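Predicted structure and sequence below. I'll ask about it afterward.
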Amino acid sequence: MEVVTKTKDNETGAASAAPQAQPVEEIDGFNLVIEALKLNGIDTIFGLPGIPITDLTRKLQRAGLRVISFRHEQNAGYAASIAGFLTQKPGICLTVSAPGFLNGLTALAHATTNCFPMILISGSSEREVVDLQQGDYEEMDQLAIAKPLCKAAFRVLHAEDIGVGVARAIRAAVSGRPGGVYLDLPAKLFPQAIDAAAGRRSLIQVVDPAPRQIPAPDSVKRAMDVLKGAKRPLIILGKGAAYAQADADIRALVEKTGIPYLPMSMAKGLLPDTHEQSASAARSYVLPEADVVMLIGARLNWLLSHGKGKTWGGKASKDWGGQAFIQVDISPQEADSNVAVAAPVVGDIGSCVKAMLAEVGSNWTKPPADWLGAIAERKSKNVAKMAETLAKNPSPMSFQSALNVVRDIVKANPDAMLVNEGANALDFTRSIVDMYKPRKRIDVGTWGIMGIGMGYCVAAAVVTGQQVIAVEGDSAFGFSGMETETICRYNLPVCIVIMNNNGVYRGDETNPTGGADPSPLVFVKDARYEKLMEAFGGVGAHVTTPDALRGAMEEAIRSKRPTLINAVIDEGGGTESGRITSLNPTAKKK
Ligand SMILES: Cc1ncc(C[n+]2csc(CCOP(=O)(O)OP(=O)(O)O)c2C)c(N)n1
Ligand SMILES: [Mg+2]
């Protein structure tokens, strides 16, 4: 710990005539913040320096924390958010005031929406001046702006309150349903010096920051009774189930009940996608046909068509399909969000699954054979159809022929992290590339947000130490592409594959007026994205065939060097909005 030794006389500026002056050890705000974070096991900070936190970034590094410095705060924020998901510890993003804070705010809102624990720590300008709107440097009432976008927001004005501020932020981020927390640290806080012993005593080591929440036994019994009565049961695993790190019990629950399951995107790999109970390849059959659906850490939001409508066998778009839902969730407010939930089970996923597993016992009756048989039949038909498509070798490459290579590479490297964003580049990857282990696939999440790519790559490499493979739409990549410099600077084992179809969704649109401006949906044709990586000392590759893609990916993984592979894809191969075309408003037909 850095301490400042002063004499009381120096401090007051009084004449130093008194020979009896006692030296007092002091600690300032900078060091109290650092000590408070360290005391709570925070070892990595994602951020971007500037007034008033430049010295904090330097001092954090000196104190032994890993400080990963980005080129834009939004990417640092996304990195922090996914670090929270992967580690169950709040990911920390550190920014400057007003503009830096705002740049980080999208990621904070994203963390809250996705239930990832994250703390955005921003420096802020002088309160008295900000509140009187007297035009301070980077003047902004950051606390008020952050509040509606996060789970909790706190400001610390006095050095002796830093311990409480950090403790409250940590608890708010990770307890219950995790989310984003804002911590406002005004510039004046950092140089405030207080008695070192008192300062240290004021720090709080948070005990049991995410206490287990045991479900009520009668709620578990109710759920199991509903499940026992099912003729066509289905389990849906959400990213909440992945977050819980209750992998063995979740797998045991699925396998002991014998119930078919669907993994949501970031729950892929909780059980290997090749598992015989996976119903992914028969999704459009099982959703409308199931009579009882157990949601584990999955919400009935748009990603599940709100649990109603035609997807679920309802007659019209808002009609309930008749399923009985069991909802296992940490939030008591989640049930009935869209349709009636017959059996809510409220608690942390690990405790809930354990309690249900106890009820399953050893003589559970497996689902009826006709249900399992009907699913197996659809699955094998769809898998065969897919295999046929994947085996084709068109020129230029299709999404499928390129992703067939990624599929093999991920299979051969099941510990690698897979980052994925784009529209077609996202949807095709999700359905083609099988995952084999939990929490290996990280993607656009609840909002379908573009821009998470390079921040996620950096965080995944830093917190897991594993090889990272990113499958990126060319548009998606553009949102965070400058962080290739960050990837090179920290020499991270990241292999980026850009599915380059020259645009948003497709690259073949034209300006209907015939004017010189291109269509809003297209980019410079045949852009050489790989040169961006080469500019910073990484490896670039430009590939037009599956064989060349395979060679380049294998070399990237062997060398562990930062690599960007520009994979040229048929510019007409995509669909507008990928698989969510139905959400795209179109003008009424005449
Ligand atoms: C922050 C943000 N801005 C805009 C969008 C709208 N959007 C959805 S997908 C997409 C890009 C799709 O193009 P690309 O990444 O190249 O994928 P492709 O379909 O071409 O494979 C955009 C801009 C979004 N989802 N998020
Ligand atoms: Mg594209």
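Good, I have the coordinates. Ligands and ions are numbered 1, 2, ... in the order given.

distance of residue 513 from residue 519?
In this structure, residue 513 and residue 519 are separated by 10 Å, where distance is defined by Cβ to Cβ, to the nearest Å. (Glycine included, C-beta is placed from N, CA and C.)

Please identify which of the two sits among more neighbours.
Ranked by neighbour count (other Cβ atoms under 10 Å), residue 513 and residue 519 place residue 519 first, with 15 against 7.

May I ask which helix or strand encompasses the closest residue to that one other than its chain neighbours?
Taking Cβ to Cβ, 6 or more residues apart in numbering, and ignoring the residues beside it in sequence, residue 519 has residue 509 as its nearest neighbour in space, at 3.8 Å. In this structure, residue 509 sits in neither a helix nor a strand according to DSSP states H and E.

What separation do you get for residue 509 and ligand 2?
Distance from residue 509 to ligand 2, counting by Cβ to the ion, to the nearest Å: 11 Å.

Enumerate every residue touching that residue.
Counting by Cβ atoms under 8 Å, 6 or more residues apart in numbering, residue 509 touches 503, 519, 521, 522.

what's stretch 245-256 in contact with?
Where contact means Cβ under 8 Å, 6+ apart, the residues beyond stretch 245-256 that reach it are 88, 235, 237, 241, 244, 261, 270-271, 277, 296, 349-350, 353-354, 356-357, 360, 362, 364, 438-439.

Next up, the contacts around residue 314.
By Cβ under 8 Å, 6+ apart, the contact set of residue 314 is 308, 320, 321.

Turn the residues you listed into CSV, including secondary structure.
Output for these, formatted as CSV (DSSP: H, G, I helix; E, B strand; the rest coil):
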residue, secondary structure
308, strand
320, strand
321, coil
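
and which of those residues is nearest residue 139?
Minimum distance to residue 139 across those is 47.0 Å, recorded for residue 308 (Cβ to Cβ).

for that closest one, what are its contacts?
For residue 308, the contacting residues are 314, 318, 319, 320, 321, 338, 339, by Cβ under 8 Å, 6+ apart.

Any idea what it is bridged to?
Legend: beta-bridge partners of residue 308 under DSSP bridges are residue 320.

ok, it to ligand 1 distance?
As for residue 308, its distance to ligand 1 is 24 Å (criterion: Cβ to the nearest ligand atom, to the nearest Å).

and if you look at residue 342?
According to Cβ to the nearest ligand atom, residue 342 and ligand 1 sit 34 Å apart.

Local confidence estimate at that residue?
Each residue has a pLDDT score; the one for residue 342 is 98.

Quick check: it touching residue 322?
No: between residue 342 and residue 322 there is no contact, the gap being 11.4 Å when judged by Cβ atoms under 8 Å.

between those two, which one's more packed in?
For residue 342 versus residue 322, neighbours defined as other Cβ under 10 Å are more numerous around residue 342 (17 against 12).

contacting residues for the more buried one?
Residue 342 makes contact with 226, 324, 325, 326 under the criterion Cβ under 8 Å, 6+ apart.

The first one sits in which helix or strand?
Mapping residue 226 onto the secondary structure by DSSP H and E places it in helix 217-228.

burial measure for the spatially closest residue to residue 211 that is not a sequence neighbour, as a count.
Sequence neighbours aside, residue 175 is the residue nearest to residue 211 in space, at 6.7 Å (criterion: Cβ to Cβ, 6+ apart). Neighbour count for residue 175, taken as other Cβ under 10 Å: 19.

now residue 175: how far from ligand 2?
From residue 175 across to ligand 2, the span is 40 Å (Cβ to the ion).

count of neighbours near residue 35?
By other Cβ under 10 Å, the residues close to residue 35 number 21.

Tell me the pLDDT of it.
On the pLDDT scale, residue 35 is placed at 98.

and it, helix, strand or coil?
Following three-state DSSP, we place residue 35 in the helix state.

which SS class is the residue in the stretch 51-200 of the chain positioned nearest to ligand 1?
Nearest residue of the stretch 51-200 of the chain to ligand 1: residue 106, at 7.8 Å (Cβ to the nearest ligand atom). Going by three-state DSSP, the secondary structure assigned to residue 106 is helix.

The closest residue in space to it that isn't next to it in sequence: how many residues sit nearby?
Setting aside the residues directly before and after it, residue 106 is nearest to residue 74 in space (Cβ to Cβ, 6+ apart), at 5.5 Å. Neighbouring residues of residue 74 were enumerated by other Cβ under 10 Å; the total is 25.

what packs against the helix or strand hosting residue 74?
Counting by DSSP H and E, the secondary-structure element that holds residue 74 is helix 73-87. The criterion is 3 or more Cβ pairs under 8 Å, 6 or more residues apart in numbering; DSSP states H and E, and the helices and strands that helix 73-87 contacts are strand 44-47, strand 91-95, helix 98-114, strand 118-124, helix 239-243, strand 441-443, helix 453-464.

That helix: how far from the chain's middle?
Distance, stretch centre to chain centre, for helix 73-87: 7 Å (Cα atoms, centre = their mean, to the nearest Å).

hey, C-alpha coordinates of it in CSV?
These are the backbone C-alpha positions of helix 73-87, laid out as CSV (Å, rounded to 0.1, in the frame of the first residue of the first chain):
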residue,chain,number,x,y,z
GLU,A,73,-14.8,2.7,-23.4
GLN,A,74,-17.8,0.8,-24.9
ASN,A,75,-15.4,-2.1,-25.7
ALA,A,76,-13.9,-2.0,-22.2
GLY,A,77,-17.5,-2.1,-20.9
TYR,A,78,-18.5,-5.1,-22.9
ALA,A,79,-15.3,-6.8,-21.8
ALA,A,80,-16.2,-6.1,-18.1
SER,A,81,-19.8,-7.3,-18.6
ILE,A,82,-18.7,-10.7,-20.1
ALA,A,83,-15.9,-11.1,-17.5
GLY,A,84,-18.7,-10.9,-15.0
PHE,A,85,-20.7,-13.6,-16.7
LEU,A,86,-17.7,-15.9,-17.0
THR,A,87,-16.4,-15.4,-13.4
